[in-house]
Structures are given as C-alpha cells and as structure tokens.
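Undergrad: Everything below, folded, please.
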Amino acid sequence: MGDTYAFSPNISEGEAYRVWVEEPHETYVALEEGDDRILGTYYIKPNQPTLGAHVCNCGYVVATTARGRGIATAMCIHSQQEAKQLGFIAMQFNLVVSTNISAIRLWQKLGFEIIGTLPKAFRHSAVGFVDALVMYKTLQ
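TA: Residues are numbered from 1 along each chain as shown. Take a look at the predicted model:
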C-alpha cells in the first residue's frame, strides 16, 4: 500500500478487516490449489446507496508473490460475473491511481473506460500527489 490504494500503509488489522470484509456486499479470496495460500482477494459493494446501488464498486489485491500469474485478470472476470448475478448493471472503479499503469491497461483490456480524471487526488508514497482515474464498464 502507499502507491495504489487510498488506505494508510499503517492501517490496523481490525480496520482493514472492517473495510475489506465487513462493509462490502461480498468478499472473495483466490487460493492456490493444493495448499490454500492466498493469491488475491476482491470485494463487491454498491458504489452508492439506494438510487445508485445498481452500480457496483470492486477493489482487488494480489499477493506480491502471485503477481504476473493472471490472478487480477481472473478476479476481475469473476467479479463481473458475480456482479451480474447480484443484480448490478455496471461496475465503477473510483480511484485508479494514474501511476498504476499495469492496472489501467488490464482494466482497459477487460472493457473498462476512463470516464474521468481526478487531479492530484492520490498522495503517492514515492512521487507525491498524482491524478486518479474513474473507470466504468456496463455489465449488460
């Protein structure tokens, strides 16, 4: 953390659990076959309450040791299928850090469009204030 997520790198385990597991509508975990090591996780939740609850928001984390294995791709594809099953009609990523080029390319490859730029909306741990992108995809 500190270069792709808005959560503090010093977030407590309890607070991380509350934000990642208790608040979302659903939380999923990708496990290594055979030994159940955690490869990644993602959540799905309504992006907004009531009248905006038909659009979901997801957050993804891939273990450092699992990067480059297609885990993020698989989780994003799975999340879109699950979101449709849960009745969401679109998916929105609210804060894609502009320096996270691999994520931006992946989301675009999977059909997400950049619909807005938030100037200097993220305080990057190494380079200071950078832009964040809002990305969106219709699921139906």
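
Undergrad: Tell me the gap between the lowest-mean-pLDDT helix or strand in the chain and the middle of its chain.
TA: One helix or strand of the chain scores below all others by mean pLDDT, DSSP states H and E: helix 13-17, with a mean of 78. Centroid displacement of helix 13-17 relative to its chain, using CA atoms, centre = their mean, to the nearest Å, is 17 Å.

Undergrad: Alpha carbons of it, as CSV, please.
TA: In CSV, the C-alpha atoms belonging to helix 13-17 read as follows (Å, rounded to 0.1, in the frame of the first residue of the first chain):
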residue,chain,number,x,y,z
GLU,A,13,-5.6,-5.4,11.0
GLY,A,14,-9.0,-4.7,12.6
GLU,A,15,-9.7,-1.7,10.5
ALA,A,16,-8.6,-3.5,7.3
TYR,A,17,-10.9,-6.4,8.1
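
Undergrad: Quick one: list the elements packing against that helix.
TA: On a contact count with 3 or more CB pairs under 8 Å, 6 or more residues apart in numbering; DSSP states H and E, helix 13-17 meets no helix or strand. (Glycine included, C-beta is placed from N, CA and C.)

Undergrad: Okay then, goodbye and thanks.
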